[in-house]
Every structure is written in structure tokens, then in C-alpha cells.
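K.L.:
Have a look at this fold, sequence not included:
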């Protein structure tokens, strides 16, 4: 499938703006990597369960108790734009 | 006669003894580290930054505790300076992950491992350089400049925890923490000639570690002696309710495990690892180490890990897929640098386009692709199934042996710039370390020799069963104590 790899389209899916030079370079490099990855098709994986996680643990939850957490001020400390205790973002709805 | 070791070149166990006997103060040990940084870090650049005043306050607190009679039995790292990879949060200190995108970020809280180090009396200091978001094998992908190998300044220290390895090798701190997703602790330890340990997945809490690939990431220690690695690992290990992937099993006394004899332990030598592409001097050093283990009473058994050849391909699907999800949080909204746009999508694209470096962009794009509609089953699901086969290979091998012995890296340190234009070639340099993370087992690298010219360290990798850290430390300690490789000092750091 490397031939179909549309770096411009996928970069937009990932919300990354690329320059034309980056598109050309990354497109070629990633096609090369995808070509290498094709070797997985040599294996028969029918009947094999996928591994998402090496340690089989499910539904891990801690006690539902209130514990100290960041204050509003601490949570906003690194915000690029803030006002009235809130993050400022560009207008979403007209 | 060799010159006596500087304070900053001594081990945790040596310094603990001297601090306890009041031959030196924690303040003097820290000053020794800061002086060594002054002397060598202009060339090596292991540190992105450090807060000397904050470190000094911690050292003075350690001296007060020592004066009040607190011992290293109670606080095993009392007064010991430990450097931190720039991917682990330390409250009120910068956190950049080697990236521009975090801007002037200051951590609002500390990682669990940092709280544990401080509770054990350590002087936690410095932001150690790394490949951006831990993506790389050479520390060249840092927005803060490259780190250079203390054995040869024209070569890389490996990566992604290159700063953590170089700082320990160069005697700029006594121990350090790094993180390992596909070899990022073991490979730089090998290339810099120190010891690095990636614990079993779930052994150490990752609360406060910036996530790269959540099913693979693990924090671990670097030091110049196996005993020190055991001490730091003992301090940082254990279940943490704040990390749902940390496993609630007891933490053994790793220091005590070092004394156990290795006679009769079975070591597996996987035939798939002695392959073409393996440098002849590395191969010879590993085979000499095998002989040394036999001399010490270990028994060698040939094992097979038949899916080794697929590990790099699986890794670059699984790790990039997870990274594409994890790094979605760097969107310019809640923290970090922001580049304004006409609408939110434009803002995200511009912020991420300007903030991420080339390798991070490549991996996020690859990860988004292998997860995208129509390709998920062909790439991601298939890779997860091959991951099952790789894990099964190891679990079957561990039915026959107590540990597996391999080279850590196919070559010694490579030149700066040598692999930067060929990402696939860079990825293949991780061929011996990647399977360990996919299988969720533990692995350690320690020095086992040097190349002739130039003189560069060679690393030996010991892979252990899930939660089999004690056996690995025991083997590494026995080997280390019967050889002198770990005592060699890099030329850049003496004098």
C-alpha cells in the first residue's frame, strides 16, 4: 500500500501543517518505512489473538474518594491564553 | 597509578559510606557534580538545564538529616545527586521533553518516581537531554541541541535517554533516570559505557512521565555499578494507585539479591541475535562474556526467538499508533506554545507544525496512517497479533532458561549525522532492544568490552522474565565483579 500513501491527507488527519518540502521528504521516507513494514504480511496470523498490553489487567479502578488535585490557578499556570479562570480558545461557534 | 576518583565519579555505595562516616557532606558531593558539569558539559551537553540553588537546598537538607542521625538504611539515596530525563515531571521545574512545543512549561506536580527519590533522600536535579518525546536512538532529535558521547565527541551517546547515559558516564551525576520504550535506556547505556535497566512493564509507576507509547513505556535507572542500579530501582519500584498499569506485586530487596550465587543459572543465547549486521568486535565481546558467565558457573542453553526479525516492523506500527493518540494533547490549548489560527483546526495544525520536530511529525503521521479507516486491520491489528507471537517466543524461552543474553546494540556508538537522513536505518539500530518492550519483560545493559580504535564501549544485554529483576541484577553483578570494564573512564571526563 505504500504507493497509495498520501502524506498531505494523513498529516491533516493528525492536525500537523507541513511545508511542501516536508511533504516531499516525509512522504518518501515514510513510503520507505511502510515498504519495510510489509514484511509482516509474510506471517500467517490467523487464529492469533492480538496483544494490546503485556500485562493482562482489566477494569483497574481506585477507590471513589476525593483526593487533593491541582487548583484552578495551578491548572492554568501553563496556559498560552487564559481569562477569568478559563482557557481562552478561538471562536468555535458563530 | 591512576588518579583517585573525583567525588562525582564515585558510586552510590561508596558515597553512602563516606556520607555516613561524615568524611564528605552532601553539599560537597553536589558541588563535585556541579564542578564536573562546569568542566565537561560545554562539550557533552547532557544537561538542558539545571537549578543549582534548588539542588543545593536539597543537599543541605540531606546534611541536616545526616547530622540528625538518619541512615542510608532508612533513606538509601540520602545526599546522592540524581539527574532526571526531561520527560519526567518535577514540580516547579521545566519540562520540555526535548521539544519546542511545550514552550516555557513548568511542572505543576511531581512524578511518583520523583516523590520516591526525594523520600529516599536523593538530591534530584537537572533536565537531561533526550530525543524529542523520546523518539530517536541518538539524542540528535532534541530541540535543545545534540548530546555528544563522552568517549568520542564526534559520536552520539545513543538515545533517546542520551543525556541520562552521558551524564552518568561523564561523572556529572551519580545516577540518573531515563525512560525506555524500545531501548531508550539500554542502548545509550551501552553506547556510553554505563549500566541501564528497563524494568518489567508495570514495575515502576509512570505517573508524571510524558506518555510516548503507553503499552511500552517504562522508567528505569542509570548508574556506574550494578549495585547502584539495584538501589535506585528498589527506591522507584512499586504499585501506584495513580498509574493503573503499575502492578500490585511486592518489591524485593534488590541489594540482597546481588549476593546470591549464579552457579547453575541457565542463560539462553538466541541464535537469531548473532546476525549479519552485528559488528565483529561486538560479537567477539559478547562471546567472551558468554565464556565468562560459564566460568562463573552459569549454564549456556541455545534458545530460539523465531519472530525476532519482525520486531522492528511491529514496533514502528504499535509505538507510532500509540504516539499519534498520546501526542494529540499537544494542541496549543491548555499548555505550551500556541500559533494562532483562523479557527481551532487551523490553530492545531499551525501549532503542531511549528512545535514538533521532524521525527515526531513522521511518527505521528505514520501512527495516524496505520490507525486510519481502511488500514487499521492491515497494519495495527496485524502488528498486535505478531506482538503476541513475539511475547510467546520469550515466554517459551523462559521455560528453559533464567535469562537471555544478547548484544545490546549491533554496533558501538555511531557518528553524529550518520543516520539522520535515513529513519529506517536508525530504527534498525534498535533491533536487539525492541522485543523486550513488546514482550513486557525486563532488560539491562552493562559494559562488556571496548572496540579497539577508536576505543568505544560495548554493551551486553541481559533479558529477564516478567518481574525477574532480581535474577538479572544477580547475573549482572556477578559478571561485573569478575571484570573491570565498568571501571574505565571516558577520556573527556578525567583530568
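P.N.:
Here it is on my side, so go on. These numbers come from a predicted model, not from an experiment. Numbers count the residues shown, from 1 in each chain, chains lettered A, B, ... in the order given.

K.L.:
what separates the closest residue to chain A within the stretch 1-150 of chain B from residue A:86, distance-wise?
P.N.:
Nearest to chain A, among the residues of the stretch 1-150 of chain B, is residue B:108, at 4.5 Å (CB to the nearest CB). Yep, even glycine has a C-beta here, placed from its N, CA and C like the rest. Applying CB to CB, to the nearest Å, the value for residue B:108 to residue A:86 is 17 Å.

K.L.:
quick one, which of these two is more surrounded?
P.N.:
When residue B:108 is set against residue A:86 and neighbours are counted by other CB atoms under 10 Å in any protein chain shown, the residue ahead is residue B:108, at 18 against 11.

K.L.:
what separates that one from residue B:208, distance-wise?
P.N.:
For residue B:108 relative to residue B:208 (CB to CB), the value is 10 Å.

K.L.:
Can you name the residues that contact the residue of the stretch 1-150 of chain B closest to chain A?
P.N.:
Contacts for residue B:108 were tallied using CB atoms under 8 Å, 6 or more residues apart in numbering or on different chains; they are A:70, A:74, A:75, A:77, A:78, B:91.

K.L.:
List the residues that contact the residue of chain A found nearest chain B.
P.N.:
Each residue of chain A has a distance to chain B, by CB to the nearest CB, and the smallest belongs to residue A:54, at 2.3 Å. With contact taken as CB under 8 Å, 6+ apart, residue A:54 is in contact with B:201, B:202, B:215, B:391, B:438, B:439, B:440, B:441, B:466.

K.L.:
What about these, which one has the most neighbours?
P.N.:
Most neighbours among the contacts of residue A:54, by other CB under 10 Å: residue B:438, with 29 neighbours.

K.L.:
Hmm, residue B:318 and that residue touching each other?
P.N.:
Yes - in this structure, residue B:438 is within contact of residue B:318 by CB atoms under 8 Å, at 7.2 Å.

K.L.:
what do those two both touch?
P.N.:
When contacts are counted by CB under 8 Å, 6+ apart, the set common to residue B:438 and residue B:318 consists of B:216, B:387.

K.L.:
helices and strands of chain B: which one has the lowest mean pLDDT?
P.N.:
Ranked by mean pLDDT, DSSP states H and E, the weakest helix or strand in chain B is helix B:423-428, scoring a mean of 86.

K.L.:
Which secondary structure elements does it sit against?
P.N.:
For helix B:423-428, the helices and strands in contact under the criterion 3 or more CB pairs under 8 Å, 6 or more residues apart in numbering or on different chains; DSSP states H and E are helix A:20-37, helix B:311-326.

K.L.:
Can you tell me which residue sits nearest the middle of chain A?
P.N.:
What sits nearest the mean C-alpha location of chain A, by CA atoms, centre = their mean, is residue A:14, with 7.2 Å.

K.L.:
Look up how far residue A:8 lies from that one.
P.N.:
For residue A:14, the distance to residue A:8 under the criterion CB to CB works out to 11 Å.

K.L.:
Between the contacts of residue B:108, which sits nearest residue B:138?
P.N.:
Distance ranking of those against residue B:138, using CB to CB, places residue A:78 first at 29.0 Å.

K.L.:
Any idea how many residues pack against the nearest residue to that closest one once chain neighbours are set aside?
P.N.:
Here the nearest residue to residue A:78 in space, its sequence neighbours aside, is residue B:335; by CB to CB, 6 or more residues apart in numbering or on different chains that works out to 3.7 Å. Here the count is done by other CB under 10 Å, and residue B:335 has 24 residues near it.

K.L.:
do the one 10 residues further on as well
P.N.:
Each residue near residue B:345 was counted by other CB under 10 Å, and the total is 12.

K.L.:
and the stretch 201-350 of chain B, which of its residues are near chain A?
P.N.:
Remark: the part of the stretch 201-350 of chain B in contact with chain A comprises B:201-202, B:215, B:241, B:244-245, B:247, B:307, B:309-310, B:312-314, B:316-317, B:324, B:328, B:331-338, B:340-345, B:347-350, using CB under 8 Å from any CB of the partner chain.

K.L.:
What subset of those is buried?
P.N.:
Of the members of those, the ones counted as buried by neighbours, 16 or more other CB atoms under 10 Å in any protein chain shown, are B:201-202, B:215, B:245, B:247, B:307, B:310, B:312-314, B:316-317, B:324, B:331-338, B:341, B:344, B:347-350.
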